[in-house]
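K.L.:
The following comprises the amino acid sequence and a computationally predicted model.
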Amino acid sequence: MPSDLSKSLVALKQDSTLIAVIELSLSNWLVAGLVPRLDRQPRKKLGADPEALLALLQRWRDEAVKVGQAIERIAVAYEAGRDGFWLARWLRSRGIEAHVIHPNSIPVPREHRRAKSDRLDTELLLRAFLGWLRGEPKHCHMAQIPSIEEEDLKRPNREHQRLVNERTSLINRLKACLIRFGIRNFNPKLKTASERLAGLLTPEGMPLPVNTLTELGHDLARLHLIKTQLKEIESRRAKQLAAEPKHRHATAVDQLTRVVGLGVETADMLDSEMFCRPLRDRWAVARYGGLTGSPDESGQRRREQGLARAGNGRVRRGMIQFAWRFLRFQKDSPLAQWYERKTQSARKDVRKLMIVALARKLLIALWRMITQGVIPEGIRLCQAV
């Protein structure tokens, strides 16, 4: 069931709840607590050791018991960062209620120069976490804690995207290096590129210098390795989808690829990054997809600052690319005709703005198709194999 991560759904009994927050770093963790019946607010610096953290929480619980206060609940929170979600899963497996706070949801002072330290950060975290536990709105938002399987599901698509970026960078670097010597007709993407490299001549009829030839050879070898890895990822993904056709992910990818113009890569990205999450409604879908605006209003001033930085950048980029393809492959659909009416005789910048609106509508339609079984109206689908 979709959950509201902006507030706690469990009533807080502060007299019997031990509350702690952790400021994580590479080598040390600073733990601040709020222990019932203790006048002081304990704070302890530990090494990056989960067992030491668990022992510290148990020691604070024993201190509360010594002064006559039984502890029925231990709630721990920390900011999402480099460590990810493993610590929250580890604490939950040992009976500790653990939460991961979205960093952008913590309000901070707006002075240009302000004091900042781990101690001050734990105070901000503790204040925000306490308000969240009380159910008060707009204190902070929690990130959904994925399982190991859900995190692992994202790796092939993210690796594929990273390799594609590296491939593009290598090809551009190869072409730029050759252009400096006046060579413009060499295609690094050809299978015979390595063999043709040695026979290249400059416009003066001279062969390429030795160091430059060696560098280009290294880049072509890296390009070949990247192509091999991309093919391996794509073939492994196809085998996994075919091996478990009844699995939720395989079913979702099959449904998405039935939409004309939407390929396996985009379908895999959408499901592993977004549709596997229990999003509450279409507004949450648009926000998580990073396809909402960021208005700037003050007095009589009204302006739009563009897309908000929040949300999943991979989903935003993939949906905008799919929206352009949608206009090509689904010209007769109501959404494509809506876009054409809105942008008829419009400037180029208006068309770019409206493509974001189209991407948002498409994302919501695809989300409804996967989660509710609602087929988008007027969108052409391929026949199920």
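P.N.:
Alright, I've got the coordinates. Residues are numbered from 1 along each chain as shown.
K.L.:
alpha carbons only for contacts and neighbour counts from here, please
P.N.:
Fine.
K.L.:
The stretch 251-385 of the chain: strands as residue ranges?
P.N.:
Along the stretch 251-385 of the chain, the segments classed as strands by DSSP state E, counting those that start in this stretch run 293-298, 301-307.
K.L.:
Run through who's touching the shortest one.
P.N.:
Right, the one you point to is strand 293-298. Outside strand 293-298, the residues that touch it by CA atoms under 8 Å, 6 or more residues apart in numbering are 302-308.
K.L.:
what's the closest of those to I145?
P.N.:
The shortest approach to I145 among the contacts of strand 293-298 belongs to A308, at 23.0 Å (CA to CA).
K.L.:
pretty sure the closest one contacts A286?
P.N.:
No - using CA atoms under 8 Å, A308 makes no contact with A286, being 11.0 Å away.
K.L.:
So which of those two has more stuff around it?
P.N.:
Between A308 and A286, A286 has the larger neighbour count (other CA atoms under 10 Å), namely 20 against 13.
K.L.:
In contact with A365, which residues?
P.N.:
When contacts are counted by CA under 8 Å, 6+ apart, A365 touches 375-376.
K.L.:
Report pLDDT for it.
P.N.:
A365 is assigned a predicted lDDT (pLDDT) of 95.
K.L.:
The one 10 residues further on too?
P.N.:
Reported pLDDT at I375 in the predicted model: 89.
K.L.:
Once you drop chain neighbours, what's closest to it?
P.N.:
Excluding its sequence neighbours, the residue lying closest to I375 (CA to CA, 6 or more residues apart in numbering) is M369, at 5.4 Å.
K.L.:
Next one: the one you found from T292, what distance?
P.N.:
Separation of M369 from T292 (CA to CA, to the nearest Å) stands at 21 Å.
K.L.:
In terms of neighbours, single out the busier of those two.
P.N.:
More crowded of M369 and T292, by other CA under 10 Å: T292, with 21 against 16.
K.L.:
Local confidence estimate at that one?
P.N.:
89.
K.L.:
The one 4 residues further on too?
P.N.:
The predicted local confidence for D296 comes out at a pLDDT of 82.
K.L.:
Could you list the domains of the protein?
P.N.:
If you go by automatic domain parsing, the domain ranges for the chain are 14-145, 151-243, 250-372.
K.L.:
OK, contacts around C276?
P.N.:
Contacts here follow CA under 8 Å, 6+ apart; on that basis C276 touches E150.
K.L.:
Revised request: answer the last question for Q337.
P.N.:
By CA under 8 Å, 6+ apart, Q337 lies in contact with K331.
K.L.:
ok, it to Q330 distance?
P.N.:
Remark: distance between Q337 and Q330 (CA to CA) = 9 Å.
K.L.:
Thank you, goodbye.
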